[in-house]
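K.L.:
Below are the sequence and a predicted model; questions follow.
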Amino acid sequence: MKDQYQQLAKYYDDLVQKNRDYQAIANHLAEIIGDNRNLLSLGIGTGLVVECLLEVEPRYNITGVDNSQSLLDIAKKKLGEKVNLHCQSVSDLNTACSLFN
Ligand SMILES: C[S@@+](CC[C@H](N)C(=O)[O-])C[C@H]1O[C@@H](n2cnc3c(N)ncnc32)[C@H](O)[C@@H]1O
């Protein structure tokens with residue numbers, strides 16, 4: 001699987017955070033999520049949204065899927081064991097579904 005973010009990964013967070021308020025996005029998502037606790041983040045990237053979501057509600061049980069190992073490596077450094085991370089394409093979601101079993 002080709003990692004299209006390999007060259008960009010180390011700049012990714014700085015670039016995208018200039019244009020978006022990730023805490024505001026997470027706050028809004030948390031309202032939509034309501035009482036649900038088991039979340040699947042498709043295209044979790046470096047975990048920017050998920051990191052903010054866990055500040056709103058640390059009890060979320062989150063599985064993250066992304067097909068860029070370089071972005072997932074950054075997510076892993078930030079999120080540690082708090083989130084289950086998997087390098088996989090969303091087009092292989094049959095396998096992703098088995099992550100919950
Ligand atoms: C705009 S970024 C969003 C990143 C993340 N949600 C965040 O909190 O910043 C889109 C993400 O989708 C991932 N992605 C794109 N196509 C994918 C695919 N087919 N399967 C899994 N992840 C994919 C990219 O690697 C990238 O991390």
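P.N.:
Cool, the structure landed.
K.L.:
Let me know the distance separating the residue nearest to the spatial centre of the chain from Asp92.
P.N.:
For the chain, the residue lying nearest the average C-alpha position, counting by Cα atoms, centre = their mean, turns out to be Ile44 (2.5 Å). From Ile44 across to Asp92, the span is 15 Å (Cβ to Cβ, to the nearest Å). C-beta coordinates here come from the backbone N, C-alpha and C atoms, glycine included.
K.L.:
number of nearby residues for Asn61?
P.N.:
Counted by other Cβ atoms under 10 Å, the residues lying close to Asn61 total 12.
K.L.:
Quick check: mean pLDDT of the helix or strand Cys52 falls within?
P.N.:
Assigned by DSSP states H and E, Cys52 falls within helix 48-56. Averaged across helix 48-56, the pLDDT comes to 97.
K.L.:
and that helix, anywhere near the ligand?
P.N.:
Yes - using Cβ under 6 Å from any ligand atom, helix 48-56 reaches the ligand at Leu48, Val49.
K.L.:
Tell me where this structure has strands.
P.N.:
Here the chain has its strands, by DSSP state E, at 38-42, 61-66, 83-87.
K.L.:
Buried residues in the last one, which are they?
P.N.:
The neighbour-count criterion (16 or more other Cβ atoms under 10 Å) identifies Val83, Leu85, Cys87 as the buried residues of strand 83-87.
K.L.:
what's the answer for stretch 12-29, then?
P.N.:
Tyr12, Asp13, Tyr22, Ala26.
K.L.:
Just name the closest of these to the ligand, please.
P.N.:
Tyr22 (6.9 Å; Cβ to the nearest ligand atom).
K.L.:
pretty sure that closest one is touching Val49, no?
P.N.:
Yes - contact criterion Cβ atoms under 8 Å: Tyr22 and Val49 qualify, at 6.0 Å.
K.L.:
From Ala24, how far off is the residue nearest to the centre of the chain?
P.N.:
Computed as Cβ to Cβ, the Ile44 to Ala24 distance reads 19 Å.
K.L.:
got the residues of this protein near the ligand?
P.N.:
5, 43-45, 48-49, 65-68, 71, 89-91.
K.L.:
Can you list the low-confidence ranges for the chain?
P.N.:
94-101 (pLDDT under 70).
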